[in-house]
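Engineer: please work out how this folds:
(one chain, ligands or ions: 3)
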Amino acid sequence: MSDKQTAMRIFKEMATLLELQGANPFKSKAYVKAARELQQHEGQPAEWIASGAIKEMRGFGKSLQEKLNELVETGKISEHEELRSSFPEGLLKILTIPGLGSKKVRVLYEELGIESVEDLEEACQTDKLLSIDGFGKKSQEKILQGIQQIRRYQGRHRLNQALPFAQRLLSDLQEQPDVQQLDLGGSLRRWKETVKDIDFVVATDNPEAVMEFFVNHPLAEHIIAHGSTKSSIMLNNGINVDLRTVTPKQYPYALMHFTGSKEHNTEMRRRAKDRGMKLNEYGLFKGDDLVECESESDIFQELDLNYIPPELREDRTEFEWAVEATHPPLVELSDIKGVFHAHSTYSDGAASLKEMAEATRALGYSYLGITDHSRTAYYAGGLSIEEVLKQHKEIDELNKEWDDFQLFKGIESDILGDGSLDYPDEILEQFDFVIASVHSQFKMSQDEMTARIIKAIEHPATTMVGHPTGRLLLNRDAYPIDIYKVVDAAAANNVIIEINANPYRLDIDWRILEYARDKGMLVSINPDAHSTKGLEDIQYGVGVARKGGLGPDHVFNALDLDTVREKLKTLRSS
Ligand code: DGT
Ligand code: CA
Ligand code: ZN
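Structural biologist: Ligands and ions are numbered 1, 2, ... in the order given. This is a model prediction of the structure:
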């Protein structure tokens, strides 16, 4: 199912390897472009080949078509395998260190024989890089910092790398006659923003049969462990999947245990102990006797707690409220009525305005607030004033076509270095709403960055703040910022903060949401879609909102079209 993803990954890797080899830059660029082209198309390589659509794809000449054919037929591209085997494995890992491109890595390899991250670390610590042109004390320090950074991120994966596979496994396992009950466990069930692996818990009276099916699943690239109570497979994107089988009687206890979090479990065990009981993955016991529970709710009840949804099991505040109250319902994907923050071909999106609108409507939403980039973001095709006006005309025309759907005129305005927005006030006033985002000049002190964003929040045209911390998960940390002050300012100025639902961002962080909610601030769950496919990322943002304890009332785009239309007007005039 990830055939397209695999093809993209392999093409990108080929580009990198060709660069390492010092091949003609056009050759490696062709692979980068090919990967990007695949991204733009719906469907899978096998279908494109069968239908001939592949011939129409930009940049896909005979040679690339053959490569894709080979991949579909054999699961490999031989040139890719050859390229890979011509370099030590470790070089690809070195390339993930921020600031180290192919050129530099090649020099390090050729001049100093550096083949692994460990080699590189040692070389930096012993000043070996100083002997090479273009490297100095500063670059050694930066590399060492980069190594620390990748180690911190190592072994974790974004939700979009894990969830689609987990969902496919879940539905395939569900169809197995021997599977009586089944759930995701672990961090994925808790909707953590990144996960180490995928965990499943299965209730069955025939564990051997379930395990046989699991380890032979087509998604399993190889088997790491095959037992009757625990097995592990590795997917072709490097993620491990653990599956545990228990008897139907043990199921609720095992599910609770393997859902975690570890910290949450520790507190649950303490509560059991306080009540003269013992809780573990096999059961809840009074002496040697099992306290029978049919569900997780029963277990919570035995410990004098109301049900705690998995998303909230992080030992933060859940034990405070669960003693007295049931948590109010968390927001669900079906609560979302419309979409803000999407890009079209006017700036750096892949689909036209009309295509984006139709795709949003087809997903059952009743509005789309389109937000292309503003003029300073020239690298992303930011809109000149003329283009803004042209887009507004097109939106007015398109809006005549629907009576159950509306396009709102928005912009993702860069927050300039001094905190001002990217167009004169008389242009800003013509939008239905404005998202203000930082896209450049990240290197500021925390005080400066906080003041910069608060200034943008205080601008009367600003409706929302986009990806407020600028983090890229597993890649770039947030810029220094006092997020609590930003939330305070947003609440005071009736500005909405976005949960950027793109799985690379998931920004604002869920850990801040409880504070934001209690300040009375609204969030908007925004896909930041750059293609029609990107609209589906909203699901990840809903997960984050739930994890932050938000219900539908805290989410701006859970409001229906009429209410949003009115609200946007009042927000604009306040
Ligand atoms: P991850 O995989 O790092 O994204 O996070 P989790 O929470 O999925 O962690 P994982 O896969 O190592 O273990 C799944 C759950 O099993 C974990 O959330 C709680 C439970 N668990 C694992 N090890 C321990 C432990 O040493 N003590 C306790 N109390 N629970 C544990
Ligand atoms: Ca896990
Ligand atoms: Zn942005």
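Engineer: please work out which residues outside the helix ranked longest in the chain touch it.
Structural biologist: Assignment by DSSP state H gives helix 3-21 as the longest helix of the chain. Helix 3-21 is contacted from outside by 25, 27-29, 31-32, 34-35, 38-39, 41, 43-46, 68, 71-72, 77, 79-80, 83-84, 86-87, 91-92, 95, 101-103, 105-106, 109, 236-237, using C-beta atoms under 8 Å, 6 or more residues apart in numbering. Where C-beta positions appear, they are placed from N, C-alpha and C, glycine not excepted.
Engineer: show me these that map onto helices.
Structural biologist: Residues of the contacts of helix 3-21 located in helices (DSSP H): 25, 27-29, 31-32, 34-35, 38-39, 45-46, 68, 71-72, 79-80, 83-84, 91-92, 102-103, 105-106, 109.
Engineer: mind giving me the PyMOL select for the contacts of helix 3-21, buried ones only?
Structural biologist: In PyMOL, this line selects whichever of these come out buried by 16 or more other C-beta atoms under 10 Å:
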select buried, resi 28+31+32+34+35+38+41+44+45+68+71+72+77+79+80+83+87+91+95+102+105+106+109
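Engineer: which residues of the chain lie near ligand 2?
Structural biologist: Within the chain, the positions near ligand 2 by C-beta under 5 Å from the ion are 186-187, 197, 199.
Engineer: including pLDDT, secondary structure and neighbour count, could the residues you listed go into a markdown table?
Structural biologist: As requested, the residues of the chain next to ligand 2 are exported to a markdown table (pLDDT from 0 to 100; DSSP: H, G, I helix; E, B strand; the rest coil; neighbours: other C-beta atoms under 10 Å):
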| residue | pLDDT | secondary structure | neighbour count |
| --- | --- | --- | --- |
| Gly186 | 98 | helix | 22 |
| Ser187 | 98 | helix | 23 |
| Asp197 | 97 | coil | 18 |
| Asp199 | 98 | strand | 24 |
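Engineer: can you narrow the residues you listed to ones near ligand 1?
Structural biologist: Among the residues of the chain next to ligand 2, proximity to ligand 1 is found for 186-187, 197, 199 (C-beta under 6 Å from any ligand atom).
Engineer: what's the nearest residue to Phe546 if we skip its chain neighbours?
Structural biologist: Careful, residue 546 is Arg; it's not Phe. Leu330 (4.2 Å; C-beta to C-beta, 6 or more residues apart in numbering).
Engineer: look up phi and psi at the one you found.
Structural biologist: Here is the backbone geometry of Leu330 (degrees, to the nearest 10): phi -80, psi 150.
Engineer: for it, give its distance to Lys547.
Structural biologist: Distance check for Leu330 against Lys547: by C-beta to C-beta, to the nearest Å, it reads 9 Å.
Engineer: contacting residues for the residue of the stretch 201-350 of the chain found nearest ligand 2?
Structural biologist: Nearest residue of the stretch 201-350 of the chain to ligand 2: Asp242, at 7.1 Å (C-beta to the ion). Shown in contact with Asp242 (C-beta under 8 Å, 6+ apart): 186, 197-200, 230-232.
Engineer: quick one: contacts for Ser78?
Structural biologist: Contacts for Ser78 (C-beta under 8 Å, 6+ apart) come out as Glu70.
Engineer: tell me, what's the model's pLDDT at it?
Structural biologist: For Ser78, the model assigns a pLDDT of 94.
Engineer: so after the helix or strand containing Ile499, what's the next helix or strand?
Structural biologist: Assessed by DSSP states H and E, Ile499 sits inside strand 496-500. Going down the chain from strand 496-500, the next helix or strand is helix 513-518, by DSSP H and E.
Engineer: returning to that earlier point: would you reformat the residues of the chain next to ligand 2 as a markdown table and include distance to Val210?
Structural biologist: Listed next are the residues of the chain next to ligand 2 as a markdown table, based on distance: C-beta to C-beta, whole Å:
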| residue | distance to Val210 |
| --- | --- |
| Gly186 | 18 |
| Ser187 | 22 |
| Asp197 | 18 |
| Asp199 | 15 |
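Engineer: run a quick neighbour tally on the closest residue to Pro329 other than its chain neighbours.
Structural biologist: Distance criterion C-beta to C-beta, 6+ apart; nearest residue to Pro329, sequence neighbours excluded, is Gly551 at 5.7 Å. Close neighbours of Gly551, defined as other C-beta atoms under 10 Å, add up to 17.
Engineer: Gly551 is in contact with Glu332, isn't it?
Structural biologist: No - the pair Gly551 and Glu332 fails to qualify as a contact (C-beta atoms under 8 Å) at a distance of 9.5 Å.
Engineer: need the contact list for Lys76.
Structural biologist: By C-beta under 8 Å, 6+ apart, the neighbours of Lys76 are Glu70.
Engineer: how is this structure carved up into domains?
Structural biologist: For the chain, automatic domain parsing gives the domain ranges 4-153, 155-248, 270-327, 333-573.
Engineer: so which of those gets nearest His264?
Structural biologist: His264 sits nearest to domain 270-327 of all these, at 4.1 Å, using C-beta to C-beta.
Engineer: near Ser82, how many other residues are there?
Structural biologist: I think there's a mix-up here, since residue 82 is Glu and not Ser. 10.
Engineer: correction: Glu320
Structural biologist: Neighbour tally, Glu320, other C-beta under 10 Å: 9.
Engineer: checking it next. Helix, strand or coil?
Structural biologist: Of the three states, Glu320 takes helix under DSSP: H, G, I helix; E, B strand; the rest coil.
Engineer: ok, it to Glu296 distance?
Structural biologist: 19 Å.
Engineer: Arg269 contacts Leu279, correct?
Structural biologist: Yes - contact criterion C-beta under 8 Å: Arg269 and Leu279 qualify, at 5.1 Å.
Engineer: and these two? Which one has more around it.
Structural biologist: Neighbours per residue (other C-beta under 10 Å) separate Arg269 from Leu279, with Leu279 holding more: 23 against 16.
Engineer: element containing that one?
Structural biologist: Counting by DSSP H and E, Leu279 is found in strand 278-280.
Engineer: show me the shaky parts of this structure.
Structural biologist: Residues of the chain that meet the criterion pLDDT under 70 lie in 1-2, 573-574.
Engineer: how about the residues of it near ligand 1?
Structural biologist: Close to ligand 1, as judged by C-beta under 6 Å from any ligand atom, the chain has residues 186-187, 192, 195-197, 199, 257-258, 260-262, 265-266.
Engineer: same thing but at 5 Å, please
Structural biologist: Residues of the chain that fall close to ligand 1, judged by C-beta under 5 Å from any ligand atom: 186-187, 195-196, 258, 260-262, 265.
Engineer: now tabulate those residues in TSV and tack on secondary structure.
Structural biologist: TSV is the format used below for these (three-state DSSP):
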residue	secondary structure
Gly186	helix
Ser187	helix
Val195	strand
Lys196	coil
Phe258	helix
Gly260	coil
Ser261	coil
Lys262	helix
Asn265	helix
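Engineer: and the furthest pair within those?
Structural biologist: Largest separation among the residues of the chain next to ligand 1 by C-beta to C-beta: Val195 and Asn265, giving 17.2 Å.
Engineer: and those two? Which one has more around it.
Structural biologist: Just comparing Val195 and Asn265: by other C-beta under 10 Å the higher neighbour count belongs to Val195, 23 against 19.
Engineer: so that one bridges to which residues?
Structural biologist: His157 (DSSP bridges).
Engineer: now do the contacts for the closest residue to Thr194 other than its chain neighbours.
Structural biologist: Computed as C-beta to C-beta, 6+ apart, the closest residue to Thr194 that is not its neighbour in sequence is Arg156, at 4.3 Å. Listed by C-beta under 8 Å, 6+ apart, the contact partners of Arg156 are 194-196, 474.
Engineer: nearest the geometric middle of the chain, what residue?
Structural biologist: Nearest to the mean C-alpha position of the chain, counting by C-alpha atoms, centre = their mean, stands Pro503 at 1.3 Å.
Engineer: appreciated, that's everything.
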